[in-house]
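J.: sequence and predicted structure below; questions after.
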Protein chains: 2
Amino acid sequence: MKIIGIDPGSTRAGYGVIEFHAQSATFIDGGIFSVTSSHNHQRLKELYDECHTLFKHHCPDVVGMEKLFFGKNIKTATDVSQSRGVIALCIAQYNIPLYEFTPLEVKQGMTGYGSADKKSITRMVQGTLHLPPTFAHVPDDVFDALAIALIAGYTATKERHHSL
Amino acid sequence: MKIIGIDPGSTRAGYGVIEFHAQSATFIDGGIFSVTSSHNHQRLKELYDECHTLFKHHCPDVVGMEKLFFGKNIKTATDVSQSRGVIALCIAQYNIPLYEFTPLEVKQGMTGYGSADKKSITRMVQGTLHLPPTFAHVPDDVFDALAIALIAGYTATKERHHSL
C-alpha cells in the first residue's frame, strides 16, 4: 500500500511517501512543496500544481493529512485552512481515501503518549523507516509528514482487517 | 468591466455577476454554487468545478471576495477558509485580479456606515442595479455577492483613475 502523508503549514507544507505493509514500512520520497510566490492566491496555485505532480507521480492508495491545530494566531489558522482546502481538493480529484489526524493522535500513534516532543517523533520515524543518519538534516515538516503517513498506514490496515 | 462577486460560506457560497461602468452598473447573473455532497473534500471538488464553469462562462475582468469574518465557531472558520482557498485557486488559475473586502468594508461602501443591517444592503443593491421586485425572493448570499461585486467595481475604477 503506497501512502502519502502531508503536513500543511501556513508558509510551507511537508510531504512524505512510504510503502506500507503490515510488518514493515519503507521510505520512498519526502520533501517540502516548492511554493515561492509572495501573493497568497498564486501560492495556492503553486501548491495545487505541486500536489498534482506528486499524486500523479506516486499514485498513492491512501493519503494522510494533519488536521488543523489552532494556535492563537487566527491569520495563520486561515492560511493553513486555505492550503488544506487546496490539498483536499487534489485528493478528491484523484479520488484517494483521505485519513485525517490531529497532532495529538499522531504523537500518541507514534510514541504512545501525547506529550512527546519533536525529537521523539523524529526518532520513531527514523527507526521505523530505517532511515540513514543523513536524514538528520531533513526538516521537521518532512518527518511530521512521514509520521502522518505511518499512522494512516496503521489505521487503513486496521480498517481492512475489520472489514474482512 | 465585468465583475464577479463571491460571498463564501461554510455550507454554501453565493455569487453575483455585474457589468460595471463609472456611471452605471447592471445585473447579469446571480445564484448559489450548487454543492451537494456530504463529504467535505468532495464538496471542495464540486465548488471548484462550479467556480470554473462560472469563470469560463462569464470571463470576468475582476473578482471580488469577502474576507473571512471570525465568529465564535472555529469549525465554521476553517470550513469557510478551505472553501475560500479553492475559490482563490480558481481565480489564480484564470489570472484574474482579486479584490478582498471585510464585511465592514462592504457595509460602509454600500451604505456609508458600518452598522447597516442586511435589509439596507439588499435595498442599496436593488436600487443600484435596478432589480425588479421579484428579487425579493433571492437569498441574502446573492445580494451580499452583488454588493461585493459593486464595491470591487468602485475600487477597481478608482485605482484605474489613479494610475492614469
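T.: Ah, there it is.
J.: scan chain A for its longest helix.
T.: helix A:140-162 (DSSP state H).
J.: which other helices and strands contact it?
T.: strand A:2-7, strand A:14-20, strand A:25-32, strand A:62-66, strand A:98-101, helix A:103-111, helix A:118-128 (3 or more CB pairs under 8 Å, 6 or more residues apart in numbering or on different chains; DSSP states H and E). C-beta here means a position set from N, CA and C on the backbone, and glycine is covered the same way.
J.: run through who's touching stretch A:74-83.
T.: With contact meaning CB atoms under 8 Å, 6 or more residues apart in numbering or on different chains, stretch A:74-83 is reached by A:8-11, A:13, A:40, A:44, A:47, A:68, A:70-71, B:68, B:70, B:74, B:77-78, B:81-82, B:84-85, B:88.
J.: in strands, which of those appear?
T.: Among these, no member is found in strands (DSSP state E).
J.: now the helices and strands packed on helix A:140-162 as TSV including mean pLDDT and mean neighbour count?
T.: Shown next, in TSV, are these (pLDDT from 0 to 100; neighbours: other CB atoms under 10 Å in any protein chain shown):
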stretch	mean pLDDT	mean neighbour count
strand A:2-7	97	26
strand A:14-20	96	23
strand A:25-32	95	18
strand A:62-66	95	26
strand A:98-101	94	18
helix A:103-111	90	18
helix A:118-128	91	17
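J.: tell me which residues in stretch A:42-52 are buried?
T.: Within stretch A:42-52, the residues that count as buried by 16 or more other CB atoms under 10 Å in any protein chain shown are A:Q42, A:R43, A:L44, A:K45, A:E46, A:L47, A:Y48, A:D49, A:E50, A:C51.
J.: can you give me the pLDDT of the second one?
T.: When you say that, I think you mean A:R43. Looking at A:R43, its pLDDT reads 92.
J.: around chain B, pick out the residues from chain A.
T.: A:39-42, A:44-45, A:48, A:68, A:70, A:74, A:77-78, A:81-86, A:88-89, A:91-93, A:98 (CB under 8 Å from any CB of the partner chain).
J.: narrow the residues you listed to those that are buried.
T.: Using 16+ other CB under 10 Å as the burial test, the residues of chain A next to chain B include A:41-42, A:44-45, A:48, A:68, A:77-78, A:81-86, A:88-89, A:91-93, A:98 as buried.
J.: between the two ends of stretch A:30-46, how far is it?
T.: Using CA to CA, to the nearest Å, the end-to-end distance of stretch A:30-46 comes to 18 Å.
J.: contacts for it next, please.
T.: So stretch A:30-46 is in contact with A:12-17, A:47, A:50-51, A:54, A:79, A:82-83, A:86, A:138-139, A:141-142, A:145-146, B:85, B:88-89, B:91-93, B:98, going by CB under 8 Å, 6+ apart.
J.: stretch A:151-164 now?
T.: With CB under 8 Å, 6+ apart, stretch A:151-164 has contacts from A:1, A:3, A:5, A:18, A:20, A:22, A:25, A:61-64, A:97, A:99, A:101, A:105-106, A:109-110.
J.: quick one: average pLDDT of that stretch?
T.: For stretch A:151-164, the per-residue pLDDT averages 83.
J.: buried ones in it?
T.: A:I151, A:A152, A:G153, A:Y154, A:T155, A:A156.
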